[in-house]
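S.K.: Only the shape, not the letters, is given here:
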C-alpha cells in the first residue's frame, strides 16, 4: 500500500506543474485578450466545473456548519484573491513575462508568513526564517536590477514587479484570514469535501466582481472580438480547466494527504522552476544568469521560511 505522504506529494507536485502550464498557456493570449476578460472567464469555467463535480460526487452544495462571519471571510478571501489578485497578476504577466512573474510570485509564502506574524498571535520568527526572508529579498532586488540582455523598459519591469507584489498582498491577506476558518473546521480532522467546497465558494465573488469590472469597461465588444479566434479561445478554455479547477483540486488533495504543511508549501514553490523552464522552451523568454540567480535565492529563501511552519 502506498503511504499517504507519497500520494499527497504526487498531488502537490501535479498541482505545481499544472499551475505552471496554466501560466505559460495564458501568457501568449494576454497580448490579444484583456485581463479584465480573461479573469472572469477563467473563474466562471472553474466554478462551473466544481459545481458539476459536486453533483457527480455527492458533495453538498451548501454547508450549514460555518458561522455567519466565516462566510464573510470566505467571500472576502475570494474577492481579494480570485478577483483583485488574479486580475493584477494576469495584467503583470503581459507586461513582464512568465518567468519574472514566477520569481516574484514565489515570494508569496513569505508575504503570507509576514501577515501571520502580524495578525495571528501564535506565530513567531526564528533565525533560519530570518535568513530565508533576507535571501528572498536579495533575490527580488537582483531581479529588479537585472539588465543582462534585458528585453523590456526598466520602468515597465519595476511596475510589473510591483503589480505582482500587489497581487500577492491581496491574495496573502485573504489566505491568512481564510486560515482561521480552515483551522476551525479541520481541528477534528481534515474533511476533503468541505475544503473543496470552500475552494469553490471562493470563486463566486471572483466570478461576480470580475464580470462587473468587465462590464464597466469601455469598448466591451472590441475586447470580446479576439476570442472569436481559435488561437485565443482554446488556450483560455484549457488554462481555465487546468488552473482554477484541476490544479486547485490537486492542491487540496495534496494538503489532505501530507501531514506537514511545510512540505506542501515547499513543493508549491517548485512552480517557479517549472514556469521558468516552460516559458524558456515554449515562449522563448530569455533565461539570463541574473534571472537564474534570482530564482535560486528566492526558492532557497522560501524553503528556509517554510521548513519551520
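M.R.: Done, it's in. Everything numeric here is computed off the predicted structure, so don't read it as measured data.
S.K.: from here on, contacts and neighbour counts on C-alpha atoms
M.R.: Fine.
S.K.: what are the phi and psi values for residue 65?
M.R.: Here is the backbone geometry of residue 65 (degrees, to the nearest 10): phi -80, psi -10.
S.K.: Number the residues from 28 up from this point.
M.R.: I'll keep to 28 as the first residue from here, and by that count the last item is residue 92.
S.K.: Do you know the pLDDT at it?
M.R.: On pLDDT, residue 92 comes in at 83.
S.K.: In contact with it, which residues?
M.R.: Applying C-alpha atoms under 8 Å, 6 or more residues apart in numbering to residue 92 gives no contacts.
S.K.: can we see that at 10 Å?
M.R.: 212, 221 (C-alpha atoms under 10 Å, 6 or more residues apart in numbering).
S.K.: What of residue 326?
M.R.: 130, 133-134, 159, 162-163, 166, 293, 296-300, 320.
S.K.: Roughly how far does it sit from residue 296?
M.R.: 7 Å (C-alpha to C-alpha, to the nearest Å).
S.K.: residues shared between the contacts of the two?
M.R.: Common contacts of residue 326 and residue 296 (C-alpha under 10 Å, 6+ apart): 130, 133, 134.
S.K.: The first one contacts residue 322, doesn't it?
M.R.: Yes - in this structure residue 130 lies within contact range of residue 322 using C-alpha atoms under 10 Å: 5.5 Å.
S.K.: For the two, work out which one has more neighbours and name it.
M.R.: residue 130 (30 against 26; other C-alpha atoms under 10 Å).
S.K.: which residues touch that one?
M.R.: 163, 166-167, 170, 188, 191, 296, 298-300, 302-303, 318-319, 321-326.
S.K.: Mind checking which of those residues are in helices?
M.R.: The helices, defined by DSSP state H, take in 163, 166-167, 170, 188, 191, 298-300, 302-303, 318-319, 321-326 from the contacts of residue 130.
S.K.: Reformat the contacts of residue 326 as TSV; add distance to residue 81.
M.R.: Formatted as TSV, those follow (distance: C-alpha to C-alpha, whole Å):
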residue	distance to residue 81
130	34
133	31
134	33
159	40
162	42
163	39
166	42
293	29
296	29
297	29
298	28
299	31
300	33
320	43
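S.K.: Tell me the buried residues within these.
M.R.: For those, a burial check counting by 16 or more other C-alpha atoms under 10 Å picks out 130, 133-134, 159, 162-163, 166, 293, 296-300.
S.K.: Among those, which has the minimum pLDDT value?
M.R.: The member of the buried ones among the contacts of residue 326 with the lowest pLDDT is residue 293, at 66.
S.K.: tell me which residues in the helix or strand harbouring residue 308 are buried?
M.R.: Using DSSP states H and E, residue 308 sits in helix 298-309. For helix 298-309, burial by neighbour count (16+ other C-alpha under 10 Å) applies to 298, 299, 300, 301, 302, 303, 304, 305, 306, 307.
S.K.: Pull the most distant pair out of the residues you listed.
M.R.: Spanning the widest gap among those are 298 and 307, at 13.8 Å by C-alpha to C-alpha.
S.K.: So for residue 130 and residue 322, which residues contact both of them?
M.R.: Joint contacts of residue 130 and residue 322 (C-alpha under 10 Å, 6+ apart) are 163, 166, 167, 170, 299, 300, 303.
S.K.: what sits against the first one?
M.R.: In this structure, residue 163 makes contact with 130-131, 133-134, 137, 157, 169, 321-332, judged by C-alpha under 10 Å, 6+ apart.
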